[in-house]
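> coordinates only, sequence not included:
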């Protein structure tokens, strides 16, 4: 998910200015404009206030202080911390959310990145997230020329071709990548649990980092090091 910044703010994410019992300024009861919950990925989540500072928090380094608040996703119950500052008599502008919403790395091939992002965005629906994670892994293997056979057979082919390590291959065989793993236990439990979906997405993310992101980072590092030597 692309986060659009404008003048240091996250565009579109705001909270009304409210007053507590002591008439101190706090962030309002709901956070508006959050595209997806950073935890469960549900679209347009209802984010309800759990706590808010009544003034910019004190810091000892002399730098600018900000208001902070904690909002709860009504779907998954997880807490997102909010850093904000008032921009009018009626509204706070959100500067940053913690944790950040998951975003597939730019160094991934487009098709891989699209599937992995969909896996992040559907974690609130475990079956869909596992399918998207499996599709991301499938796309990664195809990028390396492994197109024939089941997903798990191609993972074994990638191991033999030294594309994957033994550990990565073993991990792949332990996770449920959508409907790609024909096991008796899966037939008895056709639906993917939230924990299994998270494992599948974690594996797809790690595999993408291993196969593409780390390689791209190394290549950039070599170019930068040569440029430094030339200077």
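Okay, I see it. Just so it is clear, the model here is predicted, and its values are computed rather than measured.
> contacting residues around the helix or strand hosting residue 202?
In this structure, residue 202 sits in helix 194-208 according to DSSP states H and E. Here helix 194-208 makes contact (CB atoms under 8 Å, 6 or more residues apart in numbering) with 104-105, 108, 112, 115-116, 119-120, 123, 126-127, 129-130, 132-134, 136-137, 140, 164, 168, 171-172, 174-178, 192. Bear in mind the C-beta positions are built from the backbone N, C-alpha and C, glycine included.
> Keep only those of the residues you listed that are in helices.
Those of the contacts of helix 194-208 mapping onto helices are 112, 115-116, 119-120, 126-127, 129-130, 132-134, 136-137, 140, 168, 171-172, per DSSP state H.
> What subset of the residues you listed is buried?
Buried members of the ones in helices among the contacts of helix 194-208, counted by 16 or more other CB atoms under 10 Å: 112, 115-116, 119-120, 126-127, 129-130, 132-134, 136-137, 140, 168, 171-172.
> List the contacts of the residue nearest in space to the middle of the chain.
What sits nearest the mean C-alpha location of the chain, by CA atoms, centre = their mean, is residue 102, with 1.6 Å. Residues in contact with residue 102 (CB under 8 Å, 6+ apart) are 1, 38, 41, 117, 120.
> Single out whichever of those has the smallest pLDDT.
Of all these, residue 1 carries the smallest pLDDT score, 34.
> Quick check, residue 55 in contact with residue 67.
Yes. Between residue 55 and residue 67 there is a contact at 7.3 Å, judged by CB atoms under 8 Å.
> So for those two, which residue has more residues nearby?
Neighbour count, other CB atoms under 10 Å: between residue 55 and residue 67, residue 67 has more, with 23 against 10.
> That one and residue 53 touch, don't they?
Yes. Counting by CB under 8 Å, residue 67 does reach residue 53; the two are 5.4 Å apart.
> and for the two, which residues touch both?
Residues touching both residue 67 and residue 53 (CB under 8 Å, 6+ apart): residue 26.
> Let me see the contact set for residue 57.
Residues in contact with residue 57 (CB under 8 Å, 6+ apart) are 65, 66, 67, 68.
> nearest residue to the third one other than its sequence neighbours?
Put plainly, it is residue 67. Of all residues not flanking residue 67 in the chain, residue 84 sits nearest, at 5.0 Å (CB to CB, 6 or more residues apart in numbering).
> Which helix or strand contains that neighbour?
strand 79-86.
> Which of the contacts of residue 57 ranks first by neighbour count?
That'd be residue 67 among the contacts of residue 57, by other CB under 10 Å, with 23 neighbours.
> What ranges does this structure have for its strands?
In the chain, the strands defined using DSSP state E lie at 5-6, 9-10, 14-19, 25-32, 47-52, 67-73, 79-86, 91-98.
> so which of those strands is the most packed in?
Greatest average neighbour count among these goes to strand 67-73 (a mean of 21), per mean count of other CB atoms under 10 Å.
> Is it correct that residue 169 is in contact with residue 154?
No. Counting by CB under 8 Å, residue 169 does not reach residue 154; the two are 10.6 Å apart.
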